[in-house]
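# The sequence and its predicted three-dimensional model are supplied below.
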2 protein chains.
Amino acid sequence: MKKQPAKITSHEVAAEAGVSRSAVSRTFTPGASVAPRTREKILAAANKLGYRPNALARSLIVRRTQLIGLVMAEWENPFYTRMLRLFSERLQDEGYQLVLLTSNTEADADKAVRRLMQYQVDGVIVVSARPSAAAAKECAANGTPLVLVNRQTAGRRTSSVTCDNRRIGEDIVALLAGAGYRRFALLRGDPTAITGADRTDAIRAAVAKIRGARIVADLINTFGYDEGRRAIRDLWQQPERPDAIICSSDLTGLGVLDGARTDLRIDVPDELGVVGLGDIPQSGWTAYQLTTVHLPIDEMIDLAVKDVLARIADPDRSPRPMVANARIVGRASTR
Amino acid sequence: MKKQPAKITSHEVAAEAGVSRSAVSRTFTPGASVAPRTREKILAAANKLGYRPNALARSLIVRRTQLIGLVMAEWENPFYTRMLRLFSERLQDEGYQLVLLTSNTEADADKAVRRLMQYQVDGVIVVSARPSAAAAKECAANGTPLVLVNRQTAGRRTSSVTCDNRRIGEDIVALLAGAGYRRFALLRGDPTAITGADRTDAIRAAVAKIRGARIVADLINTFGYDEGRRAIRDLWQQPERPDAIICSSDLTGLGVLDGARTDLRIDVPDELGVVGLGDIPQSGWTAYQLTTVHLPIDEMIDLAVKDVLARIADPDRSPRPMVANARIVGRASTR
DNA sequence: ATGAAAGCGCTAACAA
DNA sequence: TTGTTAGCGCTTTCAT
């Protein structure tokens, strides 16, 4: 009984089949020229020995790993886990594997990107985190395409996929104002995220244009369900209560809804309108029916994947910002 | 302007620092002996050139990749995405990276495992999918530890982490029977999953022991929210309506709850009791308050990770089945 | 403490 | 079509 089962290499297979290692290599390289008879001999030998080519050794010479690094943040948000799933499935279909790294703090993103580079990933996708300009530069220096999803950098060596955030902001205000709401409260997440800032700016501008409308509260760092639920309590204590709440995530919106309906017995949507962002499945559930912005997740995935793959295939192709189109889904949480 | 920026290798660094490549290697190998002065020269050169050791080339010779393969199924279930997150964070802390593969059909699991082997992962974790005995054997042959989470195999060359499913079943019935429920309906997922089968057996046995109690329905392949919601409608048409529903996932339970309360205006918990499985965050939300079984996710992660790492460190260590302890969380969906 | 040489498992020119 | 040779970037004896 062998303790350390020797790994089978092309060498062993070659010996077994009575050919050279190159022949073995060719047999496992699609489109290489091998005589049918030898190929069969080799396949038989390989099968008998249980041979599997070493993808890492291979990558050393072909200079391609079929590995894509993905840096993930905001695991709490189902929108992003769904994204992860779709990226994984899509890239798998395209013949790539994902190397997954989690970056909880923004500083981690850099470390994650650097680690990925050491593993010679063919490309890097960063979801909802922002690596430093230095890290981006390093990718560029290595010729590794980098694409940011739902985040942008100042640097121009990085591709990014975002939504048309300004328009989202405008659409939300239009919907709410049209339904007669006037006193808006903003529940925002990370105030430094460009994508959120654009939306907020647009909202402010749009509100300013409507007579009688104003923003009565603007809370930042309000991320999840619990925060939303707490926020509505606080807002309801204010001298001037809002009659519409704009959240930067569905999760927050659901928290607000529970806080409003259950804790405070507020009449939604008549006394208070709520809109979320993301259109996660729960928002459509009967218990919630949250009006929200459906983010074009499929389109975003598609743009991101096509961009990395294209830049892998053609290193001279330059990175660029891309924007996908969102649309509002009206439900029972607004009039 | 360089088109194809040459990758910096230890060779370049050695030249720049005026030393040999071995010296460079030693500098980047913790615990190797290098004179402080040379080390500094080398670090300076490396820094200047932006050198990063190639982890793949390294792995070829040290025969360790610091890569762990993870095969993921059931992405719809937040319980499992949470697991993925915890695995990712934990293993990252331990100095490993995850190679993530998705397997939607059971047959895919095999392909996934084989792909991972080609990437020379140090270990494989399969979450809620069941690779074939052949695939498991292949891992064993390569000396790659394999651990199944929430699933088991007949073969004994594989570790597994599950819950004490029989006890869960007994506890659920005890709770419901104690609250006076008698007509049970079972909403199950994959009927071939051993873990679910054990629980179901225990439930049946426990119900049989209670006078007047019986199982009035047993539906299989009922997985998600929508299925749960549809199921309760169907059940309510039956001649004998259940007064308690036991679901094999929280998501199903939430669907049942919405179907019952909203669609059918059933009085929960008096007319109908509902219990889920998993204790996902939503189950605790005010709108739902689903009584459920809290699965010991942290303990499961811990067992799985410790097992892989231990078997990586000591290839002679034999695989084994492990079981973690669940506990029931009583909420408003049962009396 | 350091360098020379060998080799991990593979592919790619090049000849034959 | 096939084998020989060289080498991807790294680590590791083995001398020095």
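Looks like it arrived, so ask away.
# Assumed A:R85 was part of a strand.
No: the assignment for A:R85, made by DSSP: H, G, I helix; E, B strand; the rest coil, is helix rather than a strand.
# so who does it touch?
B:W75, B:T81, B:T102 (C-beta atoms under 8 Å, 6 or more residues apart in numbering or on different chains). Quick note: C-beta positions are derived from backbone N, CA and C, even for glycine.
# can you redo the residues you listed as a markdown table with neighbour count?
Converted to a markdown table, the contacts of A:R85 look like this (neighbours: other C-beta atoms under 10 Å in any protein chain shown):
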| residue | neighbour count |
| --- | --- |
| B:W75 | 19 |
| B:T81 | 22 |
| B:T102 | 23 |
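# ok, so of those, who is nearest A:A45?
Of all the contacts of A:R85, A:A45 sits closest to B:T102, with 32.4 Å by C-beta to C-beta.
# Can I get the contacts of A:R85 in JSON lines including distance to B:P36?
JSON lines is the format used below for the contacts of A:R85 (distance: C-beta to C-beta, whole Å):
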{"residue": "B:W75", "distance to B:P36": "51"}
{"residue": "B:T81", "distance to B:P36": "48"}
{"residue": "B:T102", "distance to B:P36": "48"}
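# Just the ones of the residues you listed in helices?
If you go by DSSP state H, these have B:T81 in helices.
# export the contacts of A:R85 to TSV and tack on pLDDT?
Formatted as TSV, these follow (pLDDT from 0 to 100):
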residue	pLDDT
B:W75	93
B:T81	94
B:T102	97
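# how's chain A carved up into domains?
Using automatic domain parsing, the domains assigned to chain A come out as A:10-62, A:67-163+A:297-324, A:165-294.
# Now distance to DNA strand C too, for these, in CSV please.
Listed next are these as CSV, based on distance: least, C-beta to the nearest atom of the strand, whole Å:
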stretch, distance to DNA strand C
domain A:10-62, 3
domain A:67-163+A:297-324, 13
domain A:165-294, 41
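# give me phi/psi at A:L70?
Phi and psi for A:L70, reported as degrees, to the nearest 10, are phi -130, psi 120.
# sorry, back to before: nearest to DNA strand D among the contacts of A:R85?
B:T102 (30.1 Å; C-beta to the nearest atom of the strand).
# correct me, but the closest one touches B:E74?
No: counting by C-beta atoms under 8 Å, B:T102 does not reach B:E74; the two are 10.0 Å apart.
# mind putting the domains of chain A in CSV, distance to B:V19 included?
Below are these laid out as CSV (distance: least, C-beta to C-beta, whole Å):
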stretch, distance to B:V19
domain A:10-62, 24
domain A:67-163+A:297-324, 22
domain A:165-294, 44
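# which parts of the stretch 151-300 of chain A sit against chain B?
A:225, A:254, A:257-258, A:261-263, A:281-282, A:285-288 (C-beta under 8 Å from any C-beta of the partner chain).
# 7 Å instead, please
Contact residues, the stretch 151-300 of chain A versus chain B (C-beta under 7 Å from any C-beta of the partner chain): A:Y225, A:D258, A:T262, A:Q282, A:W285, A:T286, A:A287, A:Y288.
# The fourth one: neighbouring residues, count only.
It stands for A:Q282. Residues near A:Q282, counting by other C-beta atoms under 10 Å in any protein chain shown, number 23.
# Confirm it sits in a helix?
Yes: inclusion of A:Q282 in a helix is indicated when three-state DSSP is applied.
# Run through the residues that contact A:R311.
A:G123, A:P145, A:R317, A:P319 (C-beta atoms under 7 Å, 6 or more residues apart in numbering or on different chains).
# all strands of the stretch 201-335 of chain A, in order?
Using DSSP state E, counting those that start in this stretch, the strands of the stretch 201-335 of chain A run over A:214-219, A:244-247, A:273-275, A:292-294, A:321-324, A:327-329.
# Please name the nearest non-neighbouring residue to A:R320.
Counting by C-beta to C-beta, 6 or more residues apart in numbering or on different chains, A:R320 lies nearest to A:S159, which is 5.7 Å off, once chain neighbours are set aside.
# quick revisit: possible to save the strands of the stretch 201-335 of chain A as CSV with distance to A:A304 and mean pLDDT?
Shown next, in CSV, are these (distance: least, C-beta to C-beta, whole Å; pLDDT from 0 to 100):
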stretch, distance to A:A304, mean pLDDT
strand A:214-219, 31, 96
strand A:244-247, 25, 98
strand A:273-275, 26, 98
strand A:292-294, 18, 97
strand A:321-324, 8, 95
strand A:327-329, 19, 96
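# closest one to DNA strand D among those?
Across these, closest to DNA strand D is strand A:321-324 (C-beta to the nearest atom of the strand), at 31.5 Å.
# hmm, who's touching that closest one?
Contacts of strand A:321-324 (C-beta under 7 Å, 6+ apart): A:Q152, A:S159, A:S160, A:V161, A:T162, A:C163, A:D164, A:P296, A:E299, A:M300, A:L303, A:D307.
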